[in-house]
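> Structure for this input, please:
(2 chains)
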There are 2 protein chains.
Amino acid sequence: MKPSSIATAIDILKQRFGDQLSTAMSVRQHHSHTTTQIKSQLPDAVLFVKSTDDVAAAVMICRDHQCPIIPFGVGSSLEGHVNAPNGGISIDMNAMDRVLAVHEADLDAVVQPGVTRESLNNYLRDTGLFFPIDPGANASLGGMAATRASGTNAVRYGTMKDNILALEAVMADGRVIRTGTRAKKSSAGYDLTRLLIGSEGTLGLITELTLKLHGIPEAIAGGICSFPSIEAACNTVINTIQYGVPVARIELLDAAQVRACNLYSGLDLPEDTLLLLEFHGTERGVREQSEMFGEIAADYTSHAFKWTTDQEERAKLWKARHDAYWAALALVPGGVGMSTDVCVPISRLAECVEETRRDIDASGIIAPIVGHVGDGNFHTLPLALPDDTAAWTRIKAFAGRLSERAIAMGGTCTGEHGIGQGKAGYLRQELGPAVDVMMAVKQALDPHDILNPGKLFSK
Amino acid sequence: MKPSSIATAIDILKQRFGDQLSTAMSVRQHHSHTTTQIKSQLPDAVLFVKSTDDVAAAVMICRDHQCPIIPFGVGSSLEGHVNAPNGGISIDMNAMDRVLAVHEADLDAVVQPGVTRESLNNYLRDTGLFFPIDPGANASLGGMAATRASGTNAVRYGTMKDNILALEAVMADGRVIRTGTRAKKSSAGYDLTRLLIGSEGTLGLITELTLKLHGIPEAIAGGICSFPSIEAACNTVINTIQYGVPVARIELLDAAQVRACNLYSGLDLPEDTLLLLEFHGTERGVREQSEMFGEIAADYTSHAFKWTTDQEERAKLWKARHDAYWAALALVPGGVGMSTDVCVPISRLAECVEETRRDIDASGIIAPIVGHVGDGNFHTLPLALPDDTAAWTRIKAFAGRLSERAIAMGGTCTGEHGIGQGKAGYLRQELGPAVDVMMAVKQALDPHDILNPGKLFSK
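From the prediction side, this is the model:
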């Protein structure tokens, strides 16, 4: 890449877009803030787009001058996706924030990529419908699609791949495509919708999403239960799912995380493995589900399962989970975290979490564990002061072993965060020659590697 | 394609595979029997493979001689997928029929592509688990993946795309890849699993599938209800789904189909629109669901909703649906059918079905309607004697208008059968320039177009 071609692209973009383009340092810094320990790599400029036409025009200019393009939502990704290792243009999609249509009878909505999940759910409030995927952060829906995000209720509602009917996208040559229709299912050709979901901005820029919506449940029950071991908790989870209880959320906090929550939130939970549950359904349905779970759990713990359908009481029971991230961060005042993200077959979950806990202890690092255990997905949050290089060396080695452990157990190095820059080395370890097929697809659709270069594939 | 190169490939395959290769006319005919009005196009030979190694070896030989390869399961596809328009080798996967592993705790199974859905469910019988996708025919699971099949219970369990964790596939250059792990969810790279599902054998040959399983429900309730109009039935469906009733099957028969069923099966159902339902859950759960449905239906019909959890009684109530295909065929003794397969947003379903019914009547053809209406998917089965060319001209014109009608309503020309040869002309009408992106992917992964040529894309 000749730097001059980026400069030329910026000149032409400036003529075309005027004030929509910024080269201010603070703007460039904001658009490469990784929220993690991954070092920022600044884009040369940031373009604030307002429409699909804007995106297509910008891509065509960048294509002509082989200028890298990095799509930007709210910047909440965790694997360096917004970084610009080769420079280029960050394309900020936040002004594309309109809900274009809500089809209540069809349970779908058409939105622009800058709409966030919270703003969509606020918009939907009076319809009795909601969009379920909840990755924690108030992420943009375009970004959530690009990283195949999920979160706490994926066990019931699936991930972004399961909740998108169709996408509009601008491809590397500036072509605008629509990957599907509003039909609930289709066998019409290659599944370009799913090909773009999780492609991390490397195949196309998502400019519109047709999302599946769900009815807000009549009743929600929430509850918590402590367990004497990670294994007891995991066996309860396995039985619950195998028995067909349609649990909406089932989260695990390990003892270290529970201790952190007791300290931070003034709770007095037993400092043991904790499961937090949520059930969605009718009043009678959630009562039945809660009772069934209670019976299953009783085989594995002497602690009672406490549950309620009252919203305030639910919030109290779930307080440990809601504060978990802040409680963890408070363990190292002034510290930053590195979020790991493995996912394994649920039969291996107890073993994987326990080995990981032993590894944490043996490594002398601080790293509480929180898991979306219904899916076998869990995060550790190793913490250290930013300049504690010795700690970061240990943490990175630990994170590498964790990815390798999950892959060896038939799982993945990333359940929901994506590969980005942080995990590029593990993609091939996990999927072997399939990565060559991915690269062939990339080469076919973006021959000059202008779309989010340096992500997904290691050089 | 030089014919001589096919002959050379066959010679080499013969040396390598001996009796596993057949050039007998009856075998070639069987492997290009389309089950529909689409004319058979015979392969030059049929290879009966026993392993992934066999497939990889055969693909490498065919690659070297640019010999077309047509994967073959049980031959139940409906869009000419098994035809060999350019000749070549049909690769019969039926001997790859082993269930390689069942992981009960993980709710997954690893199977070879020749396992059929019924044989898998027989195999699973004692585990309390089942594989839900039910396209009607006892299809091979490899074929079901290749066409992104679904069927009557997709409204609850999704389609093949939602029930496969990972695939092993042999690509056009003979490379064997594995597209995912047994983890329930993953954000690791491009979704090659979903890229292969629905690719109709044009990107790779599926040699192993890791499938999601589900717990056999504790109770199943079945029921039927007649409606004064298609619109009344469709509005009942919309309300049922919007209200969040987790219906497992919801099928529509139009009055013409009900009449055919009364005649064929000796029933005395009101000759009106009929909905047939199935609910899966606990005893209490299915009772609650059935009662909720009954209340919703009461707003749209004066007919009662009859339901039961008794297995024999259920079978009686559902008899019309089980016999629907044979009842339809019996309308034209000696005739054959052509299955159409549109899917529209559910809000347009009543309109689409009604317009289609008027079109059938105006066209002077015989074509009952059956729909998986929870998904907005319905089939007509236009029937005529094989040599009634005038009728087939009218039927093909009708089928074309039906595809165009669905596309114009924001739907698809194929909900679950695939494009194959039959619908190649409508793919571009439906998805426009996205088809060029599909062709670029095809070109990158199969540059010599040896994998199932002449399918999906029109020349």
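
> Got the phi and psi for the one residue in the stretch 1-150 of chain A that gets nearest to chain B?
In the stretch 1-150 of chain A, the residue that lies nearest chain B is A:Ala105 (3.9 Å; C-beta to the nearest C-beta). Just so you know, the C-beta spots here come from the backbone N, C-alpha and C atoms, and that holds for glycine as well. Note on A:Ala105: its backbone torsions stand at phi -70, psi -30 [degrees, to the nearest 10].

> Now do the buried residues in the helix or strand that A:Glu351 is a member of.
Element membership for A:Glu351 (DSSP states H and E) is helix A:349-363. If you call a residue buried by 16 or more other C-beta atoms under 10 Å in any protein chain shown, then helix A:349-363 has these buried ones: A:349-350, A:352-353, A:356-357, A:359-360, A:363.

> Verify the stated contact: A:Lys50 with A:Asp97.
No - under the criterion of C-beta atoms under 8 Å, A:Lys50 makes no contact with A:Asp97, lying 9.8 Å away.

> all helices of the stretch 251-400 of chain A, in order?
Assigned helices in the stretch 251-400 of chain A, in chain order: A:255-265, A:283-298, A:311-317, A:319-322, A:324-329, A:349-363, A:389-408 (criterion: DSSP state H, counting those that start in this stretch).

> in chain A, which residue is closest to the centre?
A:Ala149 (3.5 Å; C-alpha atoms, centre = their mean).

> wait, what's in contact with the nearest residue to it once chain neighbours are set aside?
Once flanking residues are discounted, A:Ala149 sits nearest to A:Pro135: 4.4 Å by C-beta to C-beta, 6 or more residues apart in numbering or on different chains. A:Pro135 makes contact with A:76, A:117, A:144, A:149-151, A:416 under the criterion C-beta atoms under 8 Å, 6 or more residues apart in numbering or on different chains.

> rerun that using 7 Å as the cut-off
A:144, A:149-151, A:416 (C-beta atoms under 7 Å, 6 or more residues apart in numbering or on different chains).

> Please apply the same query to A:Pro43.
Going by C-beta under 7 Å, 6+ apart, A:Pro43 touches A:28, A:31-32, A:70, A:84, A:87-90.

> 10 Å instead?
Listed by C-beta atoms under 10 Å, 6 or more residues apart in numbering or on different chains, the contact partners of A:Pro43 are A:6, A:23, A:27-29, A:31-32, A:68-70, A:72, A:82-84, A:86-91.

> And A:Ala146, by the same measure?
A:71, A:73, A:77, A:81, A:113, A:139-140, A:160, A:196-206, A:418, A:452, B:187.

> Can you report phi and psi for it?
A:Ala146 has phi and psi values of phi -60, psi -30 when expressed as degrees, to the nearest 10.

> do the one 10 residues further on as well
Recorded main-chain torsions at A:Arg156 are phi -100, psi -40, according to degrees, to the nearest 10.

> you'd agree A:Pro217 is up against A:Gln289?
No - A:Pro217 lies out of contact with A:Gln289 (C-beta atoms under 10 Å); the separation is 11.1 Å.

> the more surrounded of those two?
Neighbours were counted for A:Pro217 and for A:Gln289 using other C-beta atoms under 10 Å in any protein chain shown; A:Gln289 has more, 25 against 19.

> Distance check, the more buried one against A:Leu402.
Between A:Gln289 and A:Leu402 the computed distance is 33 Å (C-beta to C-beta, to the nearest Å).

> ok, now A:Asp162?
A:Asp162 sits at a distance of 26 Å from A:Leu402 (criterion: C-beta to C-beta).

> okay, those two: which has more neighbours?
Comparing A:Asp162 with A:Leu402 by other C-beta under 10 Å, the one with more neighbours is A:Leu402, at 24 against 19.

> What's the end-to-end length of stretch A:193-209?
10 Å (C-alpha to C-alpha, to the nearest Å).

> Quick one: distance of it to the chain centre.
Relative to its chain's centre, stretch A:193-209 lies at 14 Å (C-alpha atoms, centre = their mean, to the nearest Å).

> Report whether it contacts chain B.
Yes - judged by C-beta under 10 Å from any C-beta of the partner chain, stretch A:193-209 and chain B are in contact via A:193-200, A:202-204.

> Adding neighbour count and pLDDT, write the residues you listed out as a markdown table.
Putting the residues of stretch A:193-209 next to chain B into a markdown table (neighbours: other C-beta atoms under 10 Å in any protein chain shown; pLDDT from 0 to 100) gives the following:
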| residue | neighbour count | pLDDT |
| --- | --- | --- |
| A:Thr193 | 24 | 98 |
| A:Arg194 | 26 | 98 |
| A:Leu195 | 25 | 98 |
| A:Leu196 | 30 | 98 |
| A:Ile197 | 29 | 98 |
| A:Gly198 | 28 | 98 |
| A:Ser199 | 29 | 98 |
| A:Glu200 | 25 | 98 |
| A:Thr202 | 28 | 98 |
| A:Leu203 | 26 | 98 |
| A:Gly204 | 28 | 98 |
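
> of all those, which comes closest to chain B?
Nearest member of the residues of stretch A:193-209 next to chain B to chain B, counting by C-beta to the nearest C-beta, is A:Arg194, at 3.5 Å.

> How about that closest one: what's its closest non-neighbour residue?
B:Arg194 (3.5 Å).

> OK, contacts around that neighbour?
Contact partners of B:Arg194, counting by C-beta under 10 Å, 6+ apart, are A:161, A:190-195, A:197-198, B:148, B:160-162, B:164, B:167, B:179-180.

> re earlier: please list which of the contacts of A:Pro43 are also close to chain B.
Among these, chain B is touched by none when using C-beta under 10 Å from any C-beta.

> In strands, which of those residues appear?
The strands, defined by DSSP state E, take in A:69-70, A:72, A:89-91 from those.

> Of those, keep whichever come out buried.
A:69-70, A:72, A:89-91.

> And the ones in strands among the contacts of A:Pro43, which is closest to A:Ala172?
Closest approach to A:Ala172 among the ones in strands among the contacts of A:Pro43 (C-beta to C-beta): A:Ile69, at 8.4 Å.

> pretty sure the closest one contacts A:Ile89?
Yes - counting by C-beta under 10 Å, A:Ile89 is a contact partner of A:Ile69 at 5.6 Å.

> Could you say which helix or strand holds A:Arg63?
With DSSP H and E as the test, A:Arg63 turns up in helix A:52-64.

> do that helix and chain B meet at all?
No - with C-beta under 10 Å from any C-beta as the criterion, chain B is not reached by helix A:52-64; the gap is at least 11.8 Å.

> Now the residue in the stretch 301-450 of chain A that chain B sits nearest to. Nearest residue, chain neighbours left out?
Closest residue of the stretch 301-450 of chain A to chain B, C-beta to the nearest C-beta: A:Ala444 (3.4 Å). In this structure, A:Ala444 finds its nearest non-sequential neighbour in B:Ala444, 3.4 Å apart by C-beta to C-beta, 6+ apart.

> Give me the neighbour count for the one you found.
Every residue meeting other C-beta under 10 Å relative to B:Ala444 is counted, giving 18.

> ok, back up a step: restricted to helices, list the contacts of B:Arg194.
Members of the contacts of B:Arg194 lying in helices (criterion: DSSP state H): A:192-195.

> For these, give me a markdown table that also has distance to B:Asn235.
Listed next are these as a markdown table, based on distance: C-beta to C-beta, whole Å:
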| residue | distance to B:Asn235 |
| --- | --- |
| A:Leu192 | 33 |
| A:Thr193 | 29 |
| A:Arg194 | 32 |
| A:Leu195 | 36 |
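
> Out of those residues, which is nearest to A:Asp375?
A:Arg194 (17.9 Å).

> pLDDT weak spots in chain A?
Regions of chain A meeting the criterion pLDDT under 70 cover residues A:1-4, A:459.

> per-domain residue ranges of it.
A:3-92, A:99-215, A:219-325, A:327-418 (automatic domain parsing).
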